[in-house]
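Novice: A structural model of the following input is requested.
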Amino acid sequence: MIVRVRCVRCSHRFHQGESILGQTIPCPMCGQWLKVEAGPSLSGETTFARVSEASAPKPPPKPRPPSRSRHEEPAPWRNPGVWIGLVTVVALVVIFVAAIGRDPAPHTVPERASGPAVPTTEGAGGTASETVPGDTAPQEDSDQTTPPGTVEGEAKREESPQPEPEESATPPASKTPQSPTPQATPPQPAKPPQTTTESPGASPKASSAQALFKEASPAVVRIVVRDEDFKQIGLGSGFLVTRDGWVVTNHHVVAKARFATVVLPSQATLFVEGVLALNEEADLAVLKVNGRDLPYLKLSPKGKTFAVGTQVYAIGNPQGLSNTLSEGLISGVRPLPHGLTLLQTTAAISPGSSGGPLLDAGGDVVGVTSASLAGPDVQNLNFAVPADKVRQVLVKAGEGKPQPLASAGGRPLDRQASKDLQDVWTAMGDERWRDAVSIIQRLREKAPSNPLVWFMLGWLHLRLGNHDLALEAFREEVRLAPEEALGHFGLGMAYHDLKRYAESVAALQASVRMSPNFFPTRVYLGMALYSTGRFAESVAACKAAIRLRPDEALAYYYLGLDYVAMRDRTRAFQAYQTLSKLAPDLAADLRSSIDGR
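Specialist: Numbering: from 1, shown residues only. Just a heads-up that it's a prediction; the model follows:
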């Protein structure tokens with residue numbers, strides 16, 4: 001018998017054998033201990049368990065070590081004679097070391113009339129150069145680095161023996177103690193350069209970059225954007241700013257997204273639930289992904305400015321190459337006419353890096369890499385949006401309602417499942433639909449409780465014309481996540497293709513109630529209402545879709561058809577004029593309907 005269990009903490013569903021009844025087991029997703037009791041049974045092979053929270057079972061008591069036997073021989077360290085002998089040996093060693101290290105009798109140095117004699121070293125030209133008593137020999141400049149602190153970041157580099165204190169973005173968790181100022185000492189002869197055990201190429205500067213990358217890179221992600229047919233239309237970078245999955249990126253990366261995924265450095269995949277905020281003027285966007293306890297980056301302090309010459313680092317995914325580090329300087333601060341200020345940097349930014357973080361030496365986000373200028377006469381002109389502008393967009397993200405994407409509801413996938421999903425994308429991109437179905441079926445076996453896997457399987461069956469199989473997959477998705485709008489949206493599409501328009505309308509209306517801002521549902525609802533002859537309601541659905549997505553061509557197409565059916569030729573022609581700029585082929589078909597051809 002199969003026992004189906006749903007975690008009362010994270011709602012994760014899984015199933016096991018009947019041996020778990022009456023037992024306490026952990027949730028495989030969140031780790032919560034659950035008490036499983038027998039529940040209602042749908043058939044002789046499946047039952048739904050009653051689940052309640054339980055505390056972790058107490059571990060069995062550790063066995064007590066056997067007691068020492070009275071006649072057992074005691075340890076040698078318990079013998080006082082051993083300790084007396086050890087102390088004696090240590091005392092003899094100390095006396096011997098002190099005797100051989102005693103300085104010999106000081107030699108008397110003849111004095112000159114001008115003062116005490118000083119040792120000399122040969123200069124470059126072979127002449128003797130004097131060292132004044134009390135001065136130190138000149139030393140080469142070197143960048144001293146301190147590893148980043150456990151909380152806030154790394155300490156500032158020291159460029160001179162007594163540097164001016166610099167203000168850092170965030171105070172380091174710990175500081176390296178400074179050596180006391182050396183007292184005047186008798187002049188010493190110059191010493192030859194000392195060798196180091198570091199490997200060739202290792203330097204304090206390199207160590208600092210390596211430490212920063214190690215700390216910051218886990219929070220930098222690759223964003224893959226797809227259209228309504230799951231074709232890849234964009235690739236960019238982003239970075240997490242909260243533990244529960246807020247991701248900052250560029251507006252142009254996600255502007256036309258219908259479906260989006262986020263790939264972590266571990267190659268695990270998270271699905272984007274929706275867009276929290278967009279700012280086209282500043283080229284910024286905030287996304288919400290389905291994760292928790294995620295690594296994240298901190299913005300530099302509010303109002304802090306960065307002078308030209310400040311060392312910065314960029315992490316991104318140029319051309320899809322995950323977590324690429326480049327370093328440079330802030331080479332300019334460029335105010336724009338409309339009030340936005342951009343940071344110009346020499347840190348390399350390439351296509352695919354857009355949306356990644358620009359970091360200071362302490363690991364705080366200085367800005368969001370946004371654009372670079374390219375051309376035969378252009379070199380290394382890269383720009384980033386400052387962190388203060390990012391902070392304003394984050395405030396807006398916390399005030400509004402998210403605009404959901406079709407990827408909402410997907411559960412996180414591990415590295416191997418992510419690879420399988422990538423194989424699905426590749427097959428779909430090559431229009432190998434049957435191969436894609438085979439791969440997604442294997443993925444379904446690995447993640448049977450992931451609603452998005454069932455949605456993709458249903459969508460693929462729709463492309464192949466397997467409407468009954470598509471309907472079955474969408475029904476399973478609704479069963480797994482009845483509160484998610486995406487499953488009801490899939491049902492609406494399947495019913496529409498089966499010409500069961502009344503059921504399509506009902507499913508799509510349920511999806512709209514759950515997610516009013518998911519514009520594809522509005523478009524399909526308009527289509528289904530048009531097919532049932534409810535033209536006025538279809539007009540309302542199409543207009544709602546256009547308010548959510550002003551460039552949605554299919555909404556204008558059905559809006560025009562509604563007006564043609566309602567014999568409102570003027571408004572139908574207005575819809576045609578807008579549609580002709582978005583989709584000329586659809587516009588030509590609408591014009592034929594307007595003209596009665």
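
Novice: Using PDB, list the CA coordinates for whichever strand or helix holds V424.
Specialist: Taking DSSP states H and E as the definition, V424 sits inside helix 415-429. What follows is helix 415-429 as a C-alpha-only set of coordinates in PDB (Å, rounded to 0.1, in the frame of the first residue of the first chain):
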ATOM      1  CA  ARG A 415      22.100  19.600 -10.100                       C
ATOM      2  CA  GLN A 416      21.100  16.400 -11.900                       C
ATOM      3  CA  ALA A 417      17.500  17.300 -12.300                       C
ATOM      4  CA  SER A 418      18.600  20.700 -13.600                       C
ATOM      5  CA  LYS A 419      20.700  18.900 -16.200                       C
ATOM      6  CA  ASP A 420      17.700  16.900 -17.300                       C
ATOM      7  CA  LEU A 421      15.700  20.100 -17.600                       C
ATOM      8  CA  GLN A 422      18.400  21.700 -19.700                       C
ATOM      9  CA  ASP A 423      18.200  18.600 -22.000                       C
ATOM     10  CA  VAL A 424      14.500  19.300 -22.300                       C
ATOM     11  CA  TRP A 425      15.100  22.900 -23.300                       C
ATOM     12  CA  THR A 426      17.600  21.800 -25.900                       C
ATOM     13  CA  ALA A 427      15.200  19.300 -27.400                       C
ATOM     14  CA  MET A 428      12.400  21.900 -27.500                       C
ATOM     15  CA  GLY A 429      14.700  24.400 -29.100                       C
END
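
Novice: what's near enough to touch V523?
Specialist: V523 makes contacts with A541, C542, A545, E552, L554, A555, Y558, as judged by C-beta atoms under 8 Å, 6 or more residues apart in numbering. C-beta: built from backbone N, CA, C; applies to glycine.

Novice: so what's the last one closest to, chain neighbours aside?
Specialist: By the measure of C-beta to C-beta, 6 or more residues apart in numbering, the closest residue to Y558 outside its immediate chain neighbours is G526, 4.8 Å from it.

Novice: quick one: that neighbour from E537, how far?
Specialist: According to C-beta to C-beta, to the nearest Å, G526 and E537 sit 8 Å apart.

Novice: These two: which has the busier surroundings?
Specialist: Set G526 next to E537 and count neighbours by other C-beta atoms under 10 Å: G526 wins out with 30 against 18.

Novice: For that one, what are phi and psi?
Specialist: phi -60, psi -40 (degrees, to the nearest 10).

Novice: try L325
Specialist: Per-residue torsions, L325: phi -100, psi 130 (degrees, to the nearest 10).

Novice: What's the local residue count around it?
Specialist: The number of residues near L325, taken as other C-beta under 10 Å, comes to 18.

Novice: residues in contact with it?
Specialist: A209, F213, S217, Y313, A314, I315.

Novice: wait, doesn't the first one sit right on Y313?
Specialist: Yes: under the criterion of C-beta atoms under 8 Å, A209 makes contact with Y313 at 6.6 Å.

Novice: more crowded one of those two?
Specialist: Neighbours were counted for A209 and for Y313 using other C-beta under 10 Å; Y313 has more, 22 against 18.

Novice: so how far is the host helix or strand of that one from its chain's centroid?
Specialist: In this structure, Y313 sits in strand 311-316 according to DSSP H and E. Centroid separation between strand 311-316 and its chain, computed with C-alpha atoms, centre = their mean, to the nearest Å, is 16 Å.

Novice: contact partners of stretch 554-561?
Specialist: Against stretch 554-561 from outside (C-beta under 8 Å, 6+ apart): 519, 522-523, 526-527, 530, 538-539, 542-543, 545-546, 549, 572, 575-576, 578-579, 582-583, 586-587, 589-590, 593-594.

Novice: again, 7 Å this time
Specialist: 523, 526-527, 530, 538-539, 542-543, 545-546, 572, 575-576, 578-579, 582, 586, 590, 593 (C-beta atoms under 7 Å, 6 or more residues apart in numbering).

Novice: where does the chain dip in pLDDT?
Specialist: 1, 40-48, 58-79, 101-207, 373-380, 597 (pLDDT under 70).

Novice: Could you give the bridge partners of the residue nearest to the spatial centre of the chain?
Specialist: For the chain, V221 is the residue whose C-alpha lies nearest the centre (C-alpha atoms, centre = their mean; 3.8 Å). Using DSSP bridges, the bridge partners assigned to V221 are G238.
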